[in-house]
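Enquirer: My questions concern the predicted model and sequence given below.
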Amino acid sequence: MKILWVKAGGLVPLDVGGKIRSYQIIRELSRKHEVTLFTFYPTQLDDSHHELRQILSRVVCVPLPLPASRSLGEYADYIRRTCSFHPYTMAKYYRPEVFRSFNQLLESETHDVLVCDFVHPAGIIPWDFPCPKVLFAHNVEAQIWQRYYQVTRNPIWKLATWREYRAMKRVERFYVQQADHLLTVSEPDRRFFSQYIDPSKITVISTGVDLDYFQPSQSGENPNALVFTGSMDWLPNDDGIRYFLNEILPRVRRYVRDVKLSIVGRRPSGNVKALARDKGAEVTGRVQDIRPYVRQASVYVVPLRVGGGTRLKIFEAMAMGKAIVSTSIGAEGLPVTNGENIVIEDNPERFALSVARLLNDPAARARLGLAARQMVEERYSWRAVAAEFDSALEKVLAKNVYKQSHKCLNRINPQPS
């Protein structure tokens, strides 16, 4: 099978959950199929796709001169694109050089199936192109923007997130209906999209984790150490850690006075850095390897109030045998059991109390961590997840072949009028 995989924002470095999920699936698919990757991304990102060029049939990269995140240039670009049919988080990528390169690729190669990775590259795809098209929806993007609108207080951000939500809701529905098949990463997302299309056109793909890379370790754990990991330029993470610093960490310290928090992830905002300094928390920025930071923590926290899809970070912490305290949105879409392999609390006082209890009870932490590791070991290796993905693509391709042959037969033997 010849697969064309289309990704906005680049596939490497592997610093966000969506990239990790896509990379692992592509790597496994490439063992038995010919995979071409077409991706476009800001020029300030390094072209680090060298490893992928070794394992994929072809990699086409289009660097774009996009303004830096949170810069005056980005705000000016946002204003220029407010009249676009697409939300800004999609429209910012739609430059002439992207369309030109993609059309050249379509003219030079034939493919059996096209995978649109997230909804963001959907605007460059000719949806009437004679090739089955699969939309891989890692999240319900409109839901993320709606939730962020609901929790943000800044009036300017309130207006911007409302606009992004309305535009994303419109285009997400449009492209979901254009696709021949939809892949989601959770049952709640499948139910949501079922209001737009026939549920038989939706397949849920599990989230996986590299069980060899993320291993439990009994050594190096620091008492009273907490950790939060994630890309800090992703709005749900930015909101979640500010919520934790303001509402939860002070409450934890009422019970456990010398609590330490590490915030690990790329591009934290100035506001997060300043707030962390004020609250006595460590902000690392981008790190090459998150495992030492997770390993040294006694409790892993996921205080998200905004989000969609599934949180790959939770599976990584589970694979390392960590006790996890999360909000219900943080653990949304994951087959976890509250009190058995994770603790879920939405009230800030109860969240803080759960963290404090685990800090004071090593045996309880060990029980949660062991159950968490056992859960991901049973079902969630990347090879198993990629096999699900492969099976879904094969079914889409088989259905398309049947449809095409049926059309040919009807042309040869037209039905009597």
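Expert: All right, it came through fine.
Enquirer: Where does pLDDT dip in the chain?
Expert: Within the chain, the segments meeting pLDDT under 70 span 43-48, 66-81, 308-310, 402-417.
Enquirer: quick one: the strands in it?
Expert: Using DSSP state E, the strands of the chain run over residues 2-8, 34-42, 58-64, 113-117, 133-137, 181-184, 202-204, 225-229, 260-264, 282-285, 299-302, 323-326, 343-344.
Enquirer: and those strands, which is most packed in?
Expert: For those, the largest average neighbour count (mean count of other Cβ atoms under 10 Å) is found in strand 323-326, namely a mean of 28. C-beta here means a position set from N, CA and C on the backbone, and glycine is covered the same way.
Enquirer: That strand pairs with which strands, and in what direction?
Expert: Within its sheet, strand 323-326 is paired with strand 299-302 (parallel), strand 343-344 (parallel), according to DSSP bridges.
Enquirer: can those strands go into a markdown table with extra columns for distance to G230?
Expert: Below are these laid out as a markdown table (distance: least, Cβ to Cβ, whole Å):
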| stretch | distance to G230 |
| --- | --- |
| strand 299-302 | 9 |
| strand 343-344 | 18 |
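Enquirer: nearest to E107, of the ones you listed?
Expert: strand 299-302 (45.2 Å; Cβ to Cβ).
Enquirer: Contact partners for the nearest residue to T161 once chain neighbours are set aside?
Expert: Leaving aside its sequence neighbours, T161 sits nearest to Y149 (Cβ to Cβ, 6 or more residues apart in numbering; 4.1 Å). Shown in contact with Y149 (Cβ atoms under 8 Å, 6 or more residues apart in numbering): 158, 161-162, 165.
Enquirer: Please repeat the previous calculation with a cut-off of 10 Å.
Expert: By Cβ atoms under 10 Å, 6 or more residues apart in numbering, the contact list for Y149 reads 157-166, 306.
Enquirer: Just the buried residues out of those residues, in PyMOL syntax.
Expert: Buried residues among those (16 or more other Cβ atoms under 10 Å), as a PyMOL selection:
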select buried, resi 160+161+162+163+164+165+306
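Enquirer: among the strands of the chain, which is nearest R100?
Expert: Proximity to R100 (Cβ to Cβ) singles out strand 58-64 among those, at 8.8 Å.
Enquirer: can I have that closest one written out in CSV, keeping just the CAs?
Expert: What follows is strand 58-64, C-alpha atoms only, in CSV (Å, rounded to 0.1, in the frame of the first residue of the first chain):
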residue,chain,number,x,y,z
ARG,A,58,9.9,10.0,0.4
VAL,A,59,9.9,13.1,2.6
VAL,A,60,8.8,16.5,1.2
CYS,A,61,9.4,19.4,3.6
VAL,A,62,8.3,23.0,2.9
PRO,A,63,9.7,25.5,5.4
LEU,A,64,7.6,28.6,5.8
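Enquirer: about what we covered before: ok, which of the strands paired with strand 323-326 comes nearest A142?
Expert: strand 299-302 (22.0 Å).
Enquirer: surely G339 meets L368?
Expert: Yes: assessed by Cβ atoms under 10 Å, G339 is found in contact with L368 at 8.6 Å.
Enquirer: Please say which of those two ends up with more neighbours.
Expert: A side-by-side neighbour count of G339 and L368, using other Cβ atoms under 10 Å, places L368 first with 24 against 11.
Enquirer: Skip the chain neighbours and tell me the closest residue to the more buried one.
Expert: A323 (4.3 Å).
Enquirer: Now do the helices in the stretch 1-150 of the chain.
Expert: Taking DSSP state H, counting those that start in this stretch as the criterion, the stretch 1-150 of the chain carries its helices at 17-29, 50-55, 72-80, 88-91, 96-108, 141-151.
Enquirer: could I get the ones you listed as JSON lines with distance to V227?
Expert: Shown next, in JSON lines, are the helices of the stretch 1-150 of the chain (distance: least, Cβ to Cβ, whole Å):
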{"stretch": "helix 17-29", "distance to V227": "16"}
{"stretch": "helix 50-55", "distance to V227": "28"}
{"stretch": "helix 72-80", "distance to V227": "30"}
{"stretch": "helix 88-91", "distance to V227": "28"}
{"stretch": "helix 96-108", "distance to V227": "37"}
{"stretch": "helix 141-151", "distance to V227": "23"}
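Enquirer: quick one, which of those is nearest to V119?
Expert: Closest among these, once you apply Cβ to Cβ, is helix 141-151, at 5.7 Å.
Enquirer: how close does A281 get to E28?
Expert: In this view, A281 and E28 are 37 Å apart by Cβ to Cβ, to the nearest Å.
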